[in-house]
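Asker: got a structure for you, letters missing:
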């Protein structure tokens, strides 16, 4: 008996089978590994390696900081928060084939690179320019630039592929009207995550603005972050 050749869609998308599209309850319907192209896997791998490298250097730097009022402490927390959300953007963007999340990931990665460059330039003028902290800043700067250079072609490939919107076509058919609610949801879901990331970053910075209202800032921080996470959870659950 002859075996029929399995048809394929543009961008490496395969028809639905027991592994191509999986039901995952609260997390919705996402693509399986068999339905993810090689350059998407490379993109995901590079992103995970970038987060691990950046967070490891940041945690090492945190162990050397004994004063939480040190500006480097707030900067390290910002890097950790932003790297977590960058991973969320990348993982959700690939497994759910959401172009909005890939764009948000790329823009956020560029912004994080700018933060690292500005921080390195500002700190390079200090007297400890040859110490351990300076070495960590230099290594982090080099790795961040290298990883972002890798992100540029990978993000372009993924975005060009996702513009065909093959995953939502498999779920809702080829009619644009049927897919429009999903696109709207994807946009607002992405905006909710960006809002949460920026809110947490703002709250952290508010603790280091030297405005002599530390009690109020602490209250806003303890209330604002849980509310932002709750808002994000409601958005994802809907």
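Answerer: On my side now, so go ahead. For clarity, every value in this text was computed on a predicted model and none was experimentally measured.

Asker: List the buried residues in the host helix or strand of residue 198.
Answerer: Using DSSP states H and E, residue 198 maps to helix 176-206. Judged by neighbour count using 16 or more other CB atoms under 10 Å, the buried positions of helix 176-206 are 179, 182, 186, 189-190, 192-194, 196-197, 199-201, 203-204, 206. Just so you know, the C-beta spots here come from the backbone N, C-alpha and C atoms, and that holds for glycine as well.

Asker: helices or strands next to that helix in the packing?
Answerer: helix 71-95, helix 99-123, helix 166-172, helix 214-237 (3 or more CB pairs under 8 Å, 6 or more residues apart in numbering; DSSP states H and E).

Asker: So which elements touch the helix or strand just after the second one?
Answerer: Moving toward the C-terminus from helix 99-123, the next helix or strand (DSSP H and E) is helix 132-162. Packing contacts for helix 132-162, counted by 3+ CB pairs under 8 Å, 6+ apart, involve helix 38-63, helix 71-95, helix 99-123.

Asker: ok, and which of those helices has the densest surroundings?
Answerer: Among the helices and strands packed on helix 132-162, ranked by average contacts under mean count of other CB atoms under 10 Å, first place goes to helix 71-95 (a mean of 20).

Asker: Residue 50 - nearest residue in space that isn't next to it in sequence?
Answerer: Among residues not flanking residue 50 along the chain, residue 147 sits closest, at 3.9 Å (CB to CB, 6 or more residues apart in numbering).

Asker: Check what pLDDT the one you found gets.
Answerer: pLDDT recorded at residue 147 is 91.

Asker: ok, now residue 49?
Answerer: 93.

Asker: and it, what does it touch?
Answerer: Contact analysis of residue 49 by CB atoms under 8 Å, 6 or more residues apart in numbering lists residue 147.
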